[in-house]
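Engineer: need a structure here:
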Amino acid sequence: MVETDQPAGGRFVGAEHRFAVRVYFEDTDLSGVVYHANYLRWMERARSDMLRLAGIDQRDVFESGWGAYAVADLTIRYAAPARLDDAVVVASNVVRATPARVVIQQRVSRADVVLSEATVTAALVGPDGRPRRQPAAWLEIYERLIGEGKNA
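Structural biologist: Presented below is the predicted three-dimensional model:
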């Protein structure tokens with residue numbers, strides 16, 4: 001693989017991670033609009049890429065047997081539909097972090113039209129399914145992003 005053949009991972013604009021998505025036919029339902037669960041898929045991809053770009057190595061923590069993130073709470077609101085071939089952006093912001101959890105607000109927009117908004121709480125859980133402390137380095141990254149978000 002040539003280095004330029006890497007998948008798009010989005011980018012940070014200040015503390016906000018922005019992840020561009022194109023709506024494909026497979027994303028739509030029989031009514032021609034994006035199926036509601038696909039917004040969740042896009043948000044998951046955006047969160048994963050945001051964490052990777054911020055320096056959080058989820059794979060290493062998982063493979064070491066320490067744990068993995070699990071969605072503990074999710075609130076979502078759908079405001080307007082996306083349609084075939086739309087270019088949309090998932091904007092993600094870390095708004096709170098505790099020793100075992102991180103709260104991320106996400107917004108899917110087409111130009112200046114908000115299509116969907118969500119607040120996601122992810123908890124780090126061990127192989128036994130119980131909450132675990134996040135690595136200290138991760139908490140430092142989250143605090144930096146939260147601080148940058150407040151100063152924006």
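Engineer: helices of this protein, residue ranges please.
Structural biologist: Here the chain has its helices, by DSSP state H, at 36-54, 58-63, 136-151.
Engineer: which among those helices is found nearest to residue 97?
Structural biologist: helix 136-151 (3.6 Å; C-beta to C-beta). For every residue, glycine as well, the C-beta is placed using N, CA and C.
Engineer: can you list the buried residues in the closest one?
Structural biologist: Within helix 136-151, the residues that qualify as buried are 138, 141-142, 145-146, counting by 16 or more other C-beta atoms under 10 Å.
Engineer: show me the two of these that sit farthest apart.
Structural biologist: The span of these, defined through C-beta to C-beta, is set by 138 and 146 at 12.5 Å.
Engineer: coming back round to it: can you redo the helices of the chain as JSON lines with mean pLDDT?
Structural biologist: Below are those laid out as JSON lines (pLDDT from 0 to 100):
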{"stretch": "helix 36-54", "mean pLDDT": "97"}
{"stretch": "helix 58-63", "mean pLDDT": "94"}
{"stretch": "helix 136-151", "mean pLDDT": "92"}
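Engineer: ranges for the strands of this protein?
Structural biologist: Ranges of strands in the chain, per DSSP state E, are 11-13, 16-22, 68-78, 87-97, 101-110, 113-125.
Engineer: how many residues are close by residue 28?
Structural biologist: 19 (other C-beta atoms under 10 Å).
Engineer: verify the stated contact: it with residue 84.
Structural biologist: Yes. Using C-beta atoms under 8 Å, residue 28 is in contact with residue 84, at 5.6 Å.
Engineer: fine, thanks again, bye for now.
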